[in-house]
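Trainee: Could you look at this predicted model? Sequence included:
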Amino acid sequence: MEKTNRLTFTNNPELRPQNPCKGSHEVPEPYVVSEPLKKAVNLALYLKRPLLLEGDPGCGKTRLASAVAYELGLPLYRWDIRSTTKAQDGLYEYDAILRLHDVQTQKINELVNDERNPANAKDYRTFGALGKAFNLEECPAVVLIDEIVQYTICFGSPACPHSRILLLLSRTY
């Protein structure tokens, strides 16, 4: 049986791994954490479950996410929620207009873009914060979903598309 390294947040940036994951923060985020909050972070890490933080603006929720990501050498992805945000936006966005533009310019032989091929739909997909985190293979990630309280307006309503976000947040990895 292979022993795996368990992630533990100690609030000591000097314990950052020698070889952090690709895309992790390069600059430490100063943060003073209480023992109960540190315990909650470590419990979420141990259980591999999301941690929901709430508090007034400026109380340090974003700084905590940055401090955890830096100390553990993990990438940090931020997803800002707006009233128009759909659950799918956290996974990816597809630019159909750009693809149509490339098809039209290719027809008149003006396509000079070697990065995109209209025949390949993947060239027009941009991963969101959750999509980037789910695609990581070598390490987990810290995903900060900011302003998630905007989803509580229609929480639990089957007619509300925003209630689907809960399914994404409960994914285990």
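Mentor: Sure thing, it's come through. Quantities reported herein were computed from a predicted structural model and do not represent experimental measurements.

Trainee: separation between the residue nearest to residue 51 when sequence neighbours are not counted and residue 98?
Mentor: Once flanking residues are discounted, residue 51 sits nearest to residue 44: 3.8 Å by C-beta to C-beta, 6 or more residues apart in numbering. (Each C-beta comes from the backbone N, C-alpha and C, glycine too.) Using C-beta to C-beta, to the nearest Å, we find residue 44 at a distance of 38 Å from residue 98.

Trainee: which residues in the chain form strands?
Mentor: Applying DSSP state E to the chain gives strands spanning 76-80, 92-94, 125-127, 142-146.

Trainee: Farthest from the middle of the chain: give me that residue.
Mentor: Centroid-distance maximum for the chain: residue 108 at 39.4 Å, with C-alpha atoms, centre = their mean.

Trainee: show me where pLDDT drops low in the chain?
Mentor: For the chain, the stretches with pLDDT under 70 are 1-5, 109-114, 148-173.

Trainee: how about the helices in it?
Mentor: With DSSP state H as the criterion, the chain has helices at 35-47, 61-72, 96-107, 129-135, 165-169.

Trainee: could I get those as JSON lines with distance to residue 122 and mean neighbour count?
Mentor: Putting these into JSON lines (distance: least, C-beta to C-beta, whole Å; neighbours: other C-beta atoms under 10 Å) gives the following:
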{"stretch": "helix 35-47", "distance to residue 122": "32", "mean neighbour count": "14"}
{"stretch": "helix 61-72", "distance to residue 122": "27", "mean neighbour count": "22"}
{"stretch": "helix 96-107", "distance to residue 122": "11", "mean neighbour count": "13"}
{"stretch": "helix 129-135", "distance to residue 122": "12", "mean neighbour count": "19"}
{"stretch": "helix 165-169", "distance to residue 122": "21", "mean neighbour count": "15"}
